[in-house]
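# dropping a prediction and its sequence here:
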Amino acid sequence: MSGTSARLTPPADAVKPVRHPDAPAPGELLGSHYEHCFGCGGGQPHGLHLQATAGEGVNVTAEFTVKPAHQGAPGLAHGGVLATAMDEALGALSWLLRVIAVTGRLETDYVLPVPVDTVLFLEAEVTAVHGRKIYCRATGRTGGAEGPVAVRAEALFIEVKVEHFIDNGRPEEIQAAMSDPDQIRRARAFEVNP
Ligand SMILES: CCCCCCCC/C=C\CCCCCCCC(=O)SCCNC(=O)CCNC(=O)[C@H](O)C(C)(C)COP(=O)(O)OP(=O)(O)OC[C@H]1O[C@@H](n2cnc3c(N)ncnc32)[C@H](O)[C@@H]1OP(=O)(O)O
């Protein structure tokens, strides 16, 4: 059973997403937006270490291997961890629009149980844009990119300015990020007008 709430249905005057001309080329590995991100950072031992690849449209693909640290029931992935994987893959779409965006709403359908050691093949795409609102969806398949859907998600991301993080983040991490030239470069890669 699945369904989409009215808040995730784009309004009639929403527009089709446009791949930014300076977006990473199709097939390019997108890299982590922040080393300590639980979803994609290399600095989180139990994180998901998701690596997303740019697609040809406003879409990305990624693989996520379920580790023992990600269990909910014995030998099975925790649903919240699977939602995190979907959130992260959807968040990576920002690279293709060259905007900074955060999750406003995320709805997840859990279709099949996902055992530890499973490789989930994720695909995410933007479906519509309305002002700052970015409508998107994702699937997670087992056994290959054409395998059965185990997880499905729809989401609304909201475009924000870099000040969203500077104003709201804990000062010590913000100061560390702002004094790291590589982090500044990564943050700028999201912004059309840095
Ligand atoms: C250089 C140093 C700094 C480092 C920089 C690092 C660069 C990092 C780069 C990239 C990071 C990306 C990170 C990705 C990680 C994966 C994604 C996540 O997990 S993100 C974390 C979870 N999400 C949140 O923490 C959001 C918390 N919420 C908020 O902050 C606000 O609620 C926010 C920004 C989402 C909206 O607040 P408003 O005041 O800006 O805007 P309003 O007017 O409330 O909403 C705008 C429109 O969106 C709709 N909207 C907002 N929330 C909605 C919702 N939940 N459902 C439906 N519609 C919603 C509203 O109805 C409104 O629509 P109408 O324009 O009137 O048509």
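Happy to help now that I have it. Worth saying up front: this structure is predicted, and the values here are computed from it rather than measured.

# any idea how far G27 is from T53?
T53 sits at a distance of 6 Å from G27 (criterion: C-beta to C-beta, to the nearest Å). For the C-beta atoms, the positions are set from N, CA and C on the backbone; glycine is no exception.

# look at these two and report which has more neighbours.
Using other C-beta atoms under 10 Å, the more surrounded residue of T53 and G27 is T53, with 16 against 10.

# neighbours around the residue nearest to the more buried one when sequence neighbours are not counted, how many?
The shortest distance from T53 to any non-neighbouring residue, by C-beta to C-beta, 6 or more residues apart in numbering, is to T61 (5.1 Å). Neighbour count of T61, defined by other C-beta under 10 Å: 18.

# likewise for C136?
For C136, using other C-beta under 10 Å, the count is 29.

# in three-state terms, label it for me.
strand (DSSP: H, G, I helix; E, B strand; the rest coil).

# OK, contacts around it?
Residues near C136 by C-beta atoms under 8 Å, 6 or more residues apart in numbering: L90, L93, A124, E125, V126, T127, E154, A155, L156, F157.

# got a list of contacts for the helix ranked longest in the chain?
Taking DSSP state H as the criterion, the chain has its longest helix at helix 79-91. Helix 79-91 is contacted from outside by 33, 37-40, 48, 50, 52, 60, 62, 64, 66, 70, 72, 101-103, 106, 108, 110, 114, 120, 122-124, 136-138, 140, 150-151, 153, 155, 157, using C-beta under 8 Å, 6+ apart.

# buried ones among the residues you listed?
Using 16 or more other C-beta atoms under 10 Å as the burial test, these include 33, 37-40, 48, 50, 52, 60, 62, 64, 66, 70, 101, 103, 106, 108, 110, 114, 120, 122-124, 136-138, 140, 150-151, 153, 155, 157 as buried.

# circling back to that earlier point, and the residue nearest to T53, that one's in a strand?
Yes - applying three-state DSSP, one finds T61 inside a strand.

# give me the pLDDT for it.
For T61, the pLDDT comes out at 98.

# residue contacts, it?
Counted by C-beta under 8 Å, 6+ apart, T61 has contacts A52, T53, G55, F121, L122, E123, A124, A145.

# just the element for R152, please.
strand 149-160 (DSSP states H and E).

# in contact with R105: list those residues for me.
By C-beta under 8 Å, 6+ apart, the contact list for R105 reads S5, R7, L8, A155, L156.

# quick revisit: between the longest helix of the chain and strand 149-160, how many degrees?
50 degrees (axes from the mean of the first three to the mean of the last three C-alpha atoms, to 10 degrees).

# thank you, goodbye.
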